[in-house]
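Novice: Sequence first, then the predicted structure, then my questions.
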Amino acid sequence: MATTVKKSAQKKATRKASNTSSARNQARSVAQPESALAELFLDEIKDIYWAEKKLTKTLPKLQKAATSEQLRAAFATHLEQTKEHVTRLEQVFEILGKKAQAKKCDAMEGLSMEGESIIEDTDAGTATRDVGLIIAAQKTEHYEIATYGSLTTLAGVLGHNDIADILATTLQEEKETDEILTSIAENDINYEAEEETEEEEA
């Protein structure tokens, strides 16, 4: 009987020690700083957050400068999507327990400047200007597609599947916008611009 009581006491002590060890491990895990990958991920989220907010100011300029009604409509639609992209990124910050903070994206700054240069260097009311606007817009889309594609993958690696889903939704919309711009260019605008060039040379 005494032996049985002794073994029972030993088991309780072992379980207690195990629980204490587990608690300590969890505490150490919580206390540990974020991994370098997690810090890089957050930094890139700040970068694309700035980029999306910049686009909400750039897209109206492209829309106003466009001649084609179809192209104007595409820019208008993507402007509304971009505002939603900003909101989604704010949700990502919230999930990460971080304050929504933008870090200047030099790439998007340059792409936006390129779009403005197209407006300055082409004649208003021409298909040639629309071609230039589409090129500038697609460069931006390709940058965003690359960024959101990478961030979606990293979110999964870091165990943030909810964030991965949010980013994947935006990624799909960026791809669809790129396809729409390609369709507009190939179906009308590129050929109209070619005729403008021929008329000018004649």
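Specialist: Nice, thanks for sending it over.
Novice: Only C-alpha atoms from now on, for both contacts and neighbour counts.
Specialist: Noted.
Novice: can you pull the contacts of the residue nearest the centre of the chain?
Specialist: The centre of the chain sits closest to residue 148, judged by C-alpha atoms, centre = their mean, with a distance of 4.3 Å. For residue 148, the residues meeting the contact criterion (C-alpha atoms under 8 Å, 6 or more residues apart in numbering) are 167-168, 170-171.
Novice: For residue 191, state which of the residues you listed is nearest.
Specialist: Closest approach to residue 191 among those (C-alpha to C-alpha): residue 171, at 29.7 Å.
Novice: pLDDT at that closest one, what is it?
Specialist: Predicted confidence (pLDDT) for residue 171: 98.
Novice: Residue 81 versus that one, what's the distance?
Specialist: In this structure, residue 171 lies at 11 Å from residue 81, with C-alpha to C-alpha, to the nearest Å as the measure.
Novice: So which bits of stretch 55-64 are buried?
Specialist: For stretch 55-64, a neighbour-count test (16 or more other C-alpha atoms under 10 Å) marks 55-56, 58-59, 61-63 as buried.
Novice: just how off-centre is that stretch within its chain?
Specialist: Relative to its chain's centre, stretch 55-64 lies at 18 Å (C-alpha atoms, centre = their mean, to the nearest Å).
Novice: what about the spatially closest residue to residue 149 that is not a sequence neighbour, helix or strand, and which?
Specialist: In space, residue 149 comes closest to residue 171 once its chain neighbours are excluded; the distance is 6.5 Å by C-alpha to C-alpha, 6 or more residues apart in numbering. In the assignment (DSSP states H and E), residue 171 maps to helix 161-184.
Novice: Packing partners of that helix?
Specialist: Applying 3 or more C-alpha pairs under 8 Å, 6 or more residues apart in numbering; DSSP states H and E, one finds that helix 161-184 contacts helix 69-96, helix 127-157.
Novice: Mind listing what's buried along the last one?
Specialist: Read it as helix 127-157. For helix 127-157, using 16+ other C-alpha under 10 Å, the buried residues are 127-141, 143-145, 147-149, 151-152, 154-155.
Novice: give me the low-pLDDT residue ranges for this protein?
Specialist: Counting by pLDDT under 70, the ranges of the chain that qualify are 1-33, 197-202.
Novice: If we use 50, what do you get?
Specialist: 1-31, 198, 201-202 (pLDDT under 50).
Novice: Correct me if wrong: residue 102 contacts residue 54.
Specialist: No. Using C-alpha atoms under 8 Å, residue 102 and residue 54 do not qualify as a contacting pair, with a distance of 10.3 Å.
Novice: Overlap of the contact sets of the two?
Specialist: Residues touching both residue 102 and residue 54 (C-alpha under 8 Å, 6+ apart): there are none.
Novice: Name all residues that make contact with residue 116.
Specialist: For residue 116, the residues meeting the contact criterion (C-alpha under 8 Å, 6+ apart) are 61-62.
Novice: make it 10 Å
Specialist: Residues touching residue 116, when contacts are defined by C-alpha atoms under 10 Å, 6 or more residues apart in numbering, comprise 58, 61-62, 65, 110, 133, 136.
Novice: about what we covered before: quick one: the residue nearest to residue 149 and residue 85, what's the gap?
Specialist: Residue 171 is 10 Å from residue 85, where distance means C-alpha to C-alpha.
Novice: Lovely, talk soon.
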